[in-house]
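Engineer: Provided below are the primary sequence and the corresponding predicted coordinates.
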Amino acid sequence: MGLGNLKKKLFSKIEQSKKVLFTYHTRPLFDQQVNTWSDPVSNLPRFAIVIQGPVVKDCHFTLETVRLYKKHFAGADIIVSTWDDEPANYAEKIKEQGAEVILNAKPQFPGTSHINFQIASSLAGVKKAQSLGAQYVLKTRTDQRMYAPNVMEYFYSLLEKFPPAPGFKQKRRILGVSLNTFKYRPYSLSDMNIFGHIDYMLVY
């Protein structure tokens, strides 16, 4: 029995016992396989994308993500905020694709689930975005990727459509897009992929 048939049989057994359906979706690995472009929009504020975390070199995942984002979000500043132990030649490859690369010193104390690593690299990236003049920033991770074009316009329009309720100092919401956010867990907004005005992203 081939591996493909074995998988089908295993999934079928699980579906029958758990009364669920499995779905399987393939995605392009390389930038050149993606044949979509964002619509040109000229009236949006300046955006930045901060890609935070250790560079994923397997299949050049982070590098290919930068290439894809440069195509989909031509007007955005792309910032890769990673660690100072990354090989210099690989960091240079990312820079050659038009991204800013920040090499941060690792915190001495990682914290629970490496939270201090996450804070350090995220904050450095958002500060860099601010110095470049970005008004809005999408903070994502080196091991994740968004394939859809026009994402920035969509996120921005959501913030415009749903402002905070009156009485709050915060003038713009922070938008979270992640399966790691749970409705019944207090303060559960996951920061895997978050988008917002630069001022409030710095505070967050």
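Structural biologist: On my side now, so go ahead. Here the structure is a predicted model, which means the values were calculated and not measured.

Engineer: Quick one: distance of the one helix or strand in the chain whose mean pLDDT sits lowest to the chain centre.
Structural biologist: Least confident helix or strand of the chain, by mean pLDDT, DSSP states H and E, is helix 3-18 with a mean of 81. Mean-position distance between helix 3-18 and its chain equals 33 Å (Cα atoms, centre = their mean, to the nearest Å).

Engineer: Next secondary structure element downstream of that helix?
Structural biologist: strand 47-52 (DSSP states H and E).

Engineer: Report all helices and strands that the helix or strand following that following strand contacts.
Structural biologist: Using DSSP H and E, the helix or strand that follows strand 47-52 in sequence is helix 61-72. Of the remaining helices and strands, those touching helix 61-72 by 3 or more Cβ pairs under 8 Å, 6 or more residues apart in numbering; DSSP states H and E are strand 47-52, strand 77-83, helix 88-96. All C-beta atoms are positioned from the backbone trio N, CA, C, and that covers glycine.

Engineer: Output those in TSV; the columns should cover mean neighbour count and distance to residue 5.
Structural biologist: Formatted as TSV, the helices and strands packed on helix 61-72 follow (neighbours: other Cβ atoms under 10 Å; distance: least, Cβ to Cβ, whole Å):
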stretch	mean neighbour count	distance to residue 5
strand 47-52	26	39
strand 77-83	23	41
helix 88-96	14	40
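
Engineer: Rebuild those as TSV, extending it with mean pLDDT.
Structural biologist: Compiled in TSV, these are given as follows (pLDDT from 0 to 100):
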stretch	mean pLDDT
strand 47-52	97
strand 77-83	97
helix 88-96	95
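
Engineer: Of all these, which one comes closest to residue 139?
Structural biologist: Set against residue 139 and scored by Cβ to Cβ, the helices and strands packed on helix 61-72 come closest in strand 47-52, at 4.7 Å.

Engineer: angle of that closest one against helix 88-96?
Structural biologist: Taking axes from the mean of the first three to the mean of the last three Cα atoms, to 10 degrees, strand 47-52 and helix 88-96 form an angle of 160 degrees between their directions.

Engineer: angle of strand 47-52 against helix 61-72?
Structural biologist: 170 degrees.

Engineer: what's next to strand 47-52, contact-wise?
Structural biologist: By Cβ atoms under 8 Å, 6 or more residues apart in numbering, the surrounding residues in contact with strand 47-52 are 62, 65-66, 69, 73, 75-82, 99, 118, 121-122, 125-126, 128-129, 132, 134-142, 152, 156, 198.
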